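1. below is the sequence, then the predicted model.
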Amino acid sequence: SSDGDARWPGAASARLPWDWRGQTILRLECRLVAAPPASLRVSVWLDDRATGHDRDHAIRSFTVGPGWQTLAIPLADLATRNRQRPLALREIVAVAVYASRRTPGPIVMQIDDLRLGGG
């Protein structure tokens, strides 16, 4: 939850398994519990490292409302933002889920059941 004016409130972790080879999809459940307006744009940010000097990220965005939604991201569909290369699944170094909002104020967003599948 965020009761301040953070531009992109959310959650992040760099403590997940790094090697995602053999996985084909990332899924998570998400919902807004309290937020004006009734829905917000929510983005999933995946940070990778293809080599020691080639670190980049991919982002997938969704519109999330008050009911639980499954956000599903086929990993093969992702291209990194800066280099436009496939996501380097052998080394995913961080995952973040954040809301984009235009006005400050309190929001409560719940994230649950983050999981990899496939392979």
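-> Thanks, I have it. In this text the structure is predicted, and so the values were computed from the model without any measurement.
2. what's around Ile59, how many residues?
-> Residues within reach of Ile59, counting by other Cβ atoms under 10 Å, total 14. C-beta here means a position set from N, CA and C on the backbone, and glycine is covered the same way.
3. so it makes contact with Val44?
-> Yes. Ile59 lies in contact with Val44 (Cβ atoms under 8 Å); the separation is 7.0 Å.
4. give me the element the closest residue in space to Glu91 that isn't next to it in sequence is part of.
-> Excluding the flanking residues, the one nearest Glu91 by Cβ to Cβ, 6 or more residues apart in numbering is Arg49, at 4.6 Å. According to DSSP states H and E, Arg49 maps onto strand 40-51.
5. got the buried residues for that strand?
-> Leu40, Val42, Ser43, Val44, Trp45, Leu46, Asp47, Asp48, Arg49, Ala50 (16 or more other Cβ atoms under 10 Å).
6. any idea how far the closest residue to Pro74 other than its chain neighbours lies from Arg102?
-> By the measure of Cβ to Cβ, 6+ apart, the closest residue to Pro74 outside its immediate chain neighbours is Ile25, 5.5 Å from it. Going from Ile25 to Arg102 by Cβ to Cβ, to the nearest Å gives 31 Å.
7. the two: who's more crowded?
-> Ile25 (15 against 8).
8. my hunch is that Ala76 is in a helix, does that hold up?
-> Yes. If the criterion is DSSP: H, G, I helix; E, B strand; the rest coil, then Ala76 is within a helix.
9. what about it, neighbour count?
-> 11.
10. next one: the one 5 residues further on
-> Here the neighbour count serves as a burial measure; for Arg81 (other Cβ under 10 Å) it reads 11.
11. how about it: what's its closest non-neighbour residue?
-> His57 (5.8 Å).
12. which of the three states applies to Ala88?
-> Once three-state DSSP is applied, Ala88 turns out coil.
13. pretty sure it contacts Asp48?
-> Yes. Taking contacts as Cβ under 8 Å, Ala88 lies within contact range of Asp48: 4.2 Å.
14. shared neighbours, these two?
-> Asp56 (Cβ atoms under 8 Å, 6 or more residues apart in numbering).
15. can you list the buried residues of strand 40-51 in CSV and add distance to Gly118?
-> Shown next, in CSV, are the buried residues of strand 40-51 (distance: Cβ to Cβ, whole Å):
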residue, distance to Gly118
Leu40, 28
Val42, 22
Ser43, 22
Val44, 16
Trp45, 20
Leu46, 15
Asp47, 20
Asp48, 17
Arg49, 21
Ala50, 20
